[in-house]
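Asks: Got a sequence here, can you model it:
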Amino acid sequence: VAQHVAGGWTVSEPGCAAVAGDAEYRVREVVQEAAKFMRHSKRTTLRVDDLMAAFRVLNIEPLYGISSRDAFKYMTVSSAKGLYYVA
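Replies: Numbering: from 1, shown residues only. Okay, here's the model as predicted:
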């Protein structure tokens, strides 16, 4: 996918690591902010509305077309602290 998006260019391993590190940081920042909205709403389930509110607070352009009234339940991976999956 990355080669297709980049027009067939190759990206060095250190370049990939730098982009991956930045992406991980930004995703973690959004999820932590969304978790604050979830906790303030006294819920244990992170919802799309929480993520959209986090985008608004962090001044990130919203993702259009994502809306769900169904809540996603995130579970922790017992063998890796800080790693979650959608149940």
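Asks: okay, now residue 29: neighbour count?
Replies: Using other CB atoms under 10 Å, residue 29 has 13 neighbouring residues. C-betas here are computed from N, CA, C, even on glycine.
Asks: you'd agree it is in a helix?
Replies: Yes: assessed with DSSP: H, G, I helix; E, B strand; the rest coil, residue 29 lies in a helix.
Asks: Name the nearest residue to it, sequence neighbours excluded.
Replies: Leaving aside its chain neighbours, residue 29 sits nearest to residue 58 (6.8 Å; criterion: CB to CB, 6 or more residues apart in numbering).
Asks: again, but for residue 53
Replies: That would be residue 37: by CB to CB, 6+ apart, it lies 4.8 Å from residue 53.
Asks: Run a quick neighbour tally on the one you found.
Replies: Neighbours of residue 37 (other CB under 10 Å): 19.
Asks: what helix or strand does it sit in?
Replies: helix 13-40 (DSSP states H and E).
Asks: which other helices and strands contact that helix?
Replies: The elements that helix 13-40 packs onto, with contact taken as 3 or more CB pairs under 8 Å, 6 or more residues apart in numbering; DSSP states H and E, are helix 48-57.
Asks: how about the residue nearest to residue 53, what does it touch?
Replies: The neighbours of residue 37, taking CB atoms under 8 Å, 6 or more residues apart in numbering as the test, are 49, 50, 53, 54.
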